[in-house]
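Asks: Okay, predicted coordinates and the sequence, questions at the end:
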Amino acid sequence: MDFTHLLRPKTFDEIVGQEHLVSVDAPLRVLVHKGVLGHSFFYGPAGVGKTSLARVIALELDIPFYEFNATSLKIEELRRVFSQYKNALQKPLIFIDEVHRLSKNQQEVLLPVMERNEALIMGASTENPFFTLTSAIRSRSMLFELNPIDNKALEILLQKALQHADIQVQEDAQEYLIASSGGDGRAMLKLLEFAANINTNVTLDILQSLRPNALQAGSSEAGVHYDLISAMIKSIRGSDADAAIYYLARLIEGGESADFIARRLVILASEDVGNANPQALTLTTSALTSVKQIGFPEARIILAQVVVYLCASPKSNSSYKAINKAIQAVKNGEILPIPKNITQHNEGYLYPHDFGGYVKQQYLSKSLHFVDFLDIGYEKKMKEWIKFLHQSD
């Protein structure tokens, strides 16, 4: 039984998990009911109802629906549809899946149609199309985000499916269907369909033989890739070891490369830990070398050690802030002449080692201040040492 086709929604009320878009007072639904919805693009994870939403809108507006995929779309096909409705009172809804793959040439063909409202243009993508659509397209349309379907909504969808089929699904199997689907309603229904074709008494063993591991969005998808690495970095910066390890696991299971993760940890060690614990940079650099030579699965242990170490390290971004301030000063025209005593000609240069390690002399032709040491970890000792050296200046 094809549950995906059977349960395809025909009204807003039949769509599950997207209440912010389909509830009675949701702006999108209000615009549709008033017949004033403009060109729109939907984005969100796979299997959350982007195409179904477009189909429901076409049904609600009672207009023809044409579905295309940007990966195989031919401009001639679009022009043929546009020509068919050129002088018609009723305008079609043109839906383009994978809209982030539209070429600029294809987008230029859409532009005059959108401008003259000769068709209602809609698209869908697993990536935010804001970054791939031209500014001209974006200014004539609206973006709506669809969320992963939460477990409560997935359970509602599952119960609807069971009402249409003469099958039995054990309680633990139902829990696995929901928990392992990662907010993807289509994936849940497909797993149920395959399992029911094996045995109408669906058990946990059958489901796990078909799907041994829970689904998750692969980190190679641009949005997920950056969200996951951002979440891990922010969790480390916030010293939450459990959260950081979790996002590390997501990155690993999503297919992220070990050296990419290690490179980001090296940057973090300098940017966010800095001189509060200088050893962090040494450890992360060593980890970068190690994971390149070892690879997965063992590289996960090295990365985990580094992540936990960085979480437990005192944090300082004083060096990061200092170099940013200095670069901005240079960009703003603060170009100072170098004092002669520290040029390569060494006119009047005082060699600090001849004075016990420190001697007062001019290093800047104008007083500038960029570095603010923090009273954290080893950096506190550095601050005290610098203060000690300069106390007699």
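Replies: Yes, it's here.

Asks: For the rest of this, base every contact and every neighbour count on C-alpha atoms.
Replies: Fine.

Asks: how about Glu115, what does it touch?
Replies: Residues near Glu115 by Cα atoms under 8 Å, 6 or more residues apart in numbering: Arg140.

Asks: roughly how far apart are it and Arg138?
Replies: According to Cα to Cα, to the nearest Å, Glu115 stands 12 Å off from Arg138.

Asks: can you give me the strands for the chain?
Replies: 40-43, 65-69, 93-97, 120-125, 142-145, 168-169, 201-202 (DSSP state E).

Asks: avg pLDDT for the fourth one?
Replies: Confidence over strand 120-125 (mean pLDDT, whole number) is 92.

Asks: Would you confirm that Thr383 contacts Asp375?
Replies: No, residue 383 isn't Thr; it's Lys. Yes: using Cα atoms under 8 Å, Lys383 makes contact with Asp375 at a distance of 7.5 Å.

Asks: still on that earlier bit, next, format the strands of the chain as a markdown table and append distance to Ala54 and mean neighbour count.
Replies: Output for these, formatted as a markdown table (distance: least, Cα to Cα, whole Å; neighbours: other Cα atoms under 10 Å):
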| stretch | distance to Ala54 | mean neighbour count |
| --- | --- | --- |
| strand 40-43 | 9 | 23 |
| strand 65-69 | 9 | 16 |
| strand 93-97 | 7 | 23 |
| strand 120-125 | 7 | 23 |
| strand 142-145 | 11 | 17 |
| strand 168-169 | 31 | 17 |
| strand 201-202 | 33 | 18 |
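
Asks: Quick one: the ones you listed as CSV, columns for distance to Gly183 too.
Replies: Formatted as CSV, the strands of the chain follow (distance: least, Cα to Cα, whole Å):
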stretch, distance to Gly183
strand 40-43, 14
strand 65-69, 23
strand 93-97, 20
strand 120-125, 16
strand 142-145, 14
strand 168-169, 19
strand 201-202, 21
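
Asks: of those strands, which approaches Leu28 most closely?
Replies: Leu28 sits nearest to strand 142-145 of all the strands of the chain, at 8.6 Å, using Cα to Cα.

Asks: For that closest one, which helices and strands make contact with it?
Replies: Helices and strands touching strand 142-145, as assessed by 3 or more Cα pairs under 8 Å, 6 or more residues apart in numbering; DSSP states H and E, comprise strand 40-43.

Asks: and the strand it packs on, how far out from the chain's middle?
Replies: Strand 40-43 sits 17 Å away from the centroid of its parent chain (Cα atoms, centre = their mean, to the nearest Å).

Asks: Check stretch 32-46 too.
Replies: With Cα atoms, centre = their mean, you get 22 Å for stretch 32-46.

Asks: Just the mean pLDDT for that stretch, thanks.
Replies: 91.

Asks: Go ahead and name everything in contact with it.
Replies: 28, 31, 50, 57, 60-61, 114, 120-129, 140-148, 184, 217.

Asks: isn't Asp97 right up against Ser125?
Replies: Yes: counting by Cα under 8 Å, Asp97 touches Ser125, with 6.3 Å between them.

Asks: What's the separation between Ser135 and Leu28?
Replies: 22 Å.

Asks: Same drill for the two, tell me which one is more crowded.
Replies: Leu28 (19 against 10; other Cα atoms under 10 Å).

Asks: which residues touch the more buried one?
Replies: So Leu28 contacts Leu21, Val22, Leu37 (Cα under 8 Å, 6+ apart).

Asks: same question, Val330
Replies: Val330 touches nothing, counting by Cα under 8 Å, 6+ apart.

Asks: Now do it against Ala299, distance only.
Replies: Distance from Val330 to Ala299, by Cα to Cα: 41 Å.

Asks: now do Asn87
Replies: 63 Å.

Asks: now swap in Asn213 and tell me
Replies: 21 Å.

Asks: the more surrounded of the two?
Replies: More crowded of Asn213 and Ala299, by other Cα under 10 Å: Ala299, with 21 against 11.

Asks: coming back round to it: for the contacts of Leu28, which one is nearest Ile342?
Replies: For those, the nearest to Ile342 is Leu21 (65.7 Å; Cα to Cα).

Asks: Surely that closest one touches Leu31?
Replies: No: using Cα under 8 Å as the test, Leu21 is too far from Leu31 to be in contact (10.7 Å).

Asks: Look at the two and report which has more neighbours.
Replies: Neighbour comparison, Leu21 and Leu31: the larger count goes to Leu21, with 19 against 13 (by other Cα under 10 Å).

Asks: Leaving out chain neighbours, which residue sits closest to that one?
Replies: Leu28 (5.6 Å; Cα to Cα, 6 or more residues apart in numbering).

Asks: Pull up the per-residue confidence for the one you found.
Replies: 94.

Asks: Start the count at 12 instead of 1 going forward.
Replies: Taking 12 as the first residue, the last one we looked at is Leu39.

Asks: ok, now how distant is it from Ile209?
Replies: 41 Å.

Asks: pLDDT score for Met12?
Replies: With respect to pLDDT, Met12 has a value of 69.

Asks: ok, the closest residue to Asp251 other than its chain neighbours - contacts?
Replies: Closest residue to Asp251 apart from its sequence neighbours, by Cα to Cα, 6+ apart: Cys322 at 6.3 Å. Going by Cα under 8 Å, 6+ apart, Cys322 touches Ser246, Ile247, Arg248, Gly249, Ser250, Asp251, Ala252, Ala255.

Asks: check contacts around the fourth one.
Replies: Contacts for Gly249 were tallied using Cα under 8 Å, 6+ apart; they are Cys322.
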